[in-house]
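Visitor: Give me coordinates for this.
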Amino acid sequence: MYPNARGGGREAAAKRVRLREKYSSAHRDRRRRRPLTDRGVRRQAHLWFRPLLASALAHPFSPRVRRDVADLVLRAAAQRLSVTRPRAHSRRGTSDRHARRILEHLDLGRTQRALTRALRLQAQPYTPRHPVDVAIDFHDVPYYGEAIDPDHPQFVKTQESRGTHRAYHCATLDLLQPNFRLTVALRYLCERGHRQRTVARLLSDARKAGVQIRRIYLDREFYEYDTLSWLKSEGYTVITPMRLGSTQRKRWERGQCSYVTEHALRSPRRGEPPLVLRVHVVVRYQMGRKWNRRGAQYLVYEVLGHMAGDALREVPLHSTHALYRKRFGIETSYRLLGQARSITTSRSPAVRLLYVGISLLLQNEWVILKLQYASEGRQGPTGFVVRGELLRFATLLEWLSNAVVRKLGSVRELYRPGPFPHRLRAMGIAPM
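Guide: Numbers count the residues shown, from 1 in each chain. Now for the predicted structure:
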């Protein structure tokens, strides 16, 4: 082969190929990039929702019917409507009456197990192999109806919120990472209390999903003897704010520097030894940036470990507040939960639990799709950054709704149900 104009032949061309392969750009993807579309969003949602629906229903319906019901429920969640509205505006699919009959066959126990399995399978591929931080919290969904069984109501009594004292009670466990957050476990609670049992079940679900727990962030509501003593016996490291009275505030809100002390939490039952807790009093100075407050702010946290040295090593004093701030992201999940939860008048706890679970699964799917399509490599401890402006949660819901509308069709014309009224003719209004 004769040399070309650039002064090289076959050997020179082969050398250039070898150099190009050796020093190729790390950001260059040789494969064809497949974009994320609305059909892809619907396809990903069906991968976890259709098996979930098949497991939660007590009666085996046909795959076509389950597919149509899945589309109706997903569109209702994306638009925050009831199942009736999407079916009224769709050309194809199962009828509204049939869809409501199918949802009546939901069993609470089967729905709980199906949601636990779906959250576990969804989070497993994205669970790190090293120990991570988790957050546990309660969430109440307001309820305005009556009890199915007055002796054993399916809701709990709460403080007045949105004009009602009743709510459906559930607990969640979130996996906290520097750039993303995933919901790993969800539990429906028919009554308040039993916090220790709830925490044990959520942690068991997390371990089955492959989560290795480093630290646990709890709300102030979990500050009780039974829960904390069980967590200490299991060897977990826990951070939770303390419930303080006026006497304890005067005792600990002093000084200008952060410090560490101890507190003995007494058991409500006689004969049991007190639980010794390590208390971190973090002093921060407010510069008027929030609520125009100035001066010292005292934040009192209880730090629990299997041994006193473990608690001090895993949670340094000056990092306590920064670490606990990671838990605030779970409140964002509850805010987004209201944006993707279908509206219903059903009193069935299984239906309401299913709608809450679908909202959390859609949030997880949003996080996963952002990791797949809206992240890029960066130098630093995490090695990547997620560009949230490329895929907002509202955008994902809009794409999901558009894909379902394309599948089921949309009603875009309206015919007069009968002859034009004579009274309108008498008023001088002519038909169009």
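Visitor: burial measure for the closest residue to Asp219 other than its chain neighbours, as a count.
Guide: Nearest residue to Asp219 in three dimensions, chain neighbours excluded: Asp137, at 5.3 Å (C-beta to C-beta, 6 or more residues apart in numbering). (C-beta placed from N, C-alpha, C; glycine too.) Neighbour count for Asp137, taken as other C-beta atoms under 10 Å: 19.
Visitor: How about Asn402?
Guide: Neighbourhood size, Asn402 [other C-beta under 10 Å]: 17.
Visitor: Can you report phi and psi for it?
Guide: Dihedral angles phi and psi of Asn402 (degrees, to the nearest 10) take the values phi -60, psi -40.
Visitor: and the gap between the residue nearest to it when sequence neighbours are not counted and Leu47?
Guide: In this structure, Asn402 finds its nearest non-sequential neighbour in Asp38, 4.8 Å apart by C-beta to C-beta, 6+ apart. Asp38 sits 15 Å away from Leu47, going by C-beta to C-beta, to the nearest Å.
Visitor: Give me the more crowded residue out of those two.
Guide: Asp38 (18 against 14).
Visitor: backbone phi and psi for that one, please?
Guide: Dihedral angles of Asp38 (phi, psi; degrees, to the nearest 10) stand at phi -70, psi -30.
Visitor: What's the first helix or strand after the host helix or strand of Leu74?
Guide: Using DSSP states H and E, Leu74 falls within helix 63-79. Scanning forward in sequence from helix 63-79 by DSSP H and E, the next helix or strand is helix 84-88.
Visitor: what's next to the helix or strand just after that following helix, contact-wise?
Guide: Using DSSP H and E, the helix or strand that follows helix 84-88 towards the C-terminus is helix 96-104. By C-beta atoms under 8 Å, 6 or more residues apart in numbering, the surrounding residues in contact with helix 96-104 are 57, 61, 65-66, 68-69, 72, 83-84, 87-88, 94, 346, 348, 351, 354.
Visitor: The helix holding Leu74 packs against which elements?
Guide: Contacts defined by 3 or more C-beta pairs under 8 Å, 6 or more residues apart in numbering; DSSP states H and E place helix 63-79 against helix 38-56, helix 84-88, helix 96-104, helix 349-373, helix 393-408.
Visitor: And the first one, what does it pack against?
Guide: Helix 38-56 is packed against helix 63-79, helix 108-123, helix 349-373, helix 393-408, with contacts defined by 3+ C-beta pairs under 8 Å, 6+ apart.
Visitor: go on, the second one?
Guide: Using 3+ C-beta pairs under 8 Å, 6+ apart as the contact criterion, the elements in contact with helix 84-88 are helix 63-79, helix 96-104.
Visitor: buried residues in that helix?
Guide: Applying a neighbour-count criterion of 16 or more other C-beta atoms under 10 Å, one finds 84-87 buried in helix 84-88.
Visitor: circling back to that earlier point, Leu202 is in contact with the residue nearest to Asp219, correct?
Guide: No: in this structure Asp137 lies outside contact range of Leu202 using C-beta atoms under 8 Å: 10.1 Å.
Visitor: who touches both of these two?
Guide: Common neighbours of Asp137 and Leu202 (C-beta under 8 Å, 6+ apart) are 171-172.
Visitor: In contact with the nearest residue in space to Ser90 that is not next to it in sequence, which residues?
Guide: With sequence-adjacent residues excluded and distances taken as C-beta to C-beta, 6+ apart, Ser90 is closest to Leu408, at 4.0 Å. Applying C-beta under 8 Å, 6+ apart, we find Leu408 in contact with 68, 71-72, 75, 86, 90-93.
Visitor: Look up how far Val385 lies from Leu408.
Guide: On the measure of C-beta to C-beta, Leu408 and Val385 end up 38 Å apart.
Visitor: repeat for Arg341
Guide: Per C-beta to C-beta, Arg341 is found 30 Å from Val385.
Visitor: what would the helices and strands packed on helix 63-79 look like in a markdown table with mean pLDDT and distance to Lys250?
Guide: What follows is these, written out as a markdown table (pLDDT from 0 to 100; distance: least, C-beta to C-beta, whole Å):
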| stretch | mean pLDDT | distance to Lys250 |
| --- | --- | --- |
| helix 38-56 | 94 | 52 |
| helix 84-88 | 87 | 56 |
| helix 96-104 | 88 | 55 |
| helix 349-373 | 94 | 42 |
| helix 393-408 | 93 | 45 |
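Visitor: tell me the most buried of these?
Guide: Of the helices and strands packed on helix 63-79, the one with the most neighbours on average (mean count of other C-beta atoms under 10 Å) is helix 349-373, at a mean of 22.
Visitor: how far off helix 96-104 does it point, in degrees?
Guide: Relative orientation of helix 349-373 versus helix 96-104 (axes from the mean of the first three to the mean of the last three C-alpha atoms, to 10 degrees): 90 degrees.
Visitor: circling back: can you tell me which of the contacts of Leu408 are buried?
Guide: Here, 16+ other C-beta under 10 Å leaves 68, 71-72, 75, 86, 90, 93 buried among the contacts of Leu408.
Visitor: Is it correct that Leu353 is in contact with Arg113?
Guide: No: when contacts are counted by C-beta under 8 Å, Leu353 is not listed as touching Arg113 (11.2 Å).
Visitor: Now do the helices in the stretch 251-400 of the chain.
Guide: Along the stretch 251-400 of the chain, the segments classed as helices by DSSP state H, counting those that start in this stretch run 308-314, 320-324, 329-337, 349-373, 393-408.
Visitor: Show me what the fourth one is packed up against.
Guide: Other elements packing on helix 349-373 under the criterion 3+ C-beta pairs under 8 Å, 6+ apart are helix 38-56, helix 63-79, helix 108-123, strand 164-176, strand 181-189, helix 329-337, helix 393-408.
Visitor: per-residue confidence for the residue nearest to Leu391 when sequence neighbours are not counted?
Guide: Of all residues not flanking Leu391 in the chain, Ala374 sits nearest, at 4.8 Å (C-beta to C-beta, 6+ apart). Per-residue pLDDT puts Ala374 at 90.
Visitor: which stretches of the stretch 201-350 of the chain have low pLDDT?
Guide: Within the stretch 201-350 of the chain, the ranges that satisfy pLDDT under 70 run 289-291, 306-313.
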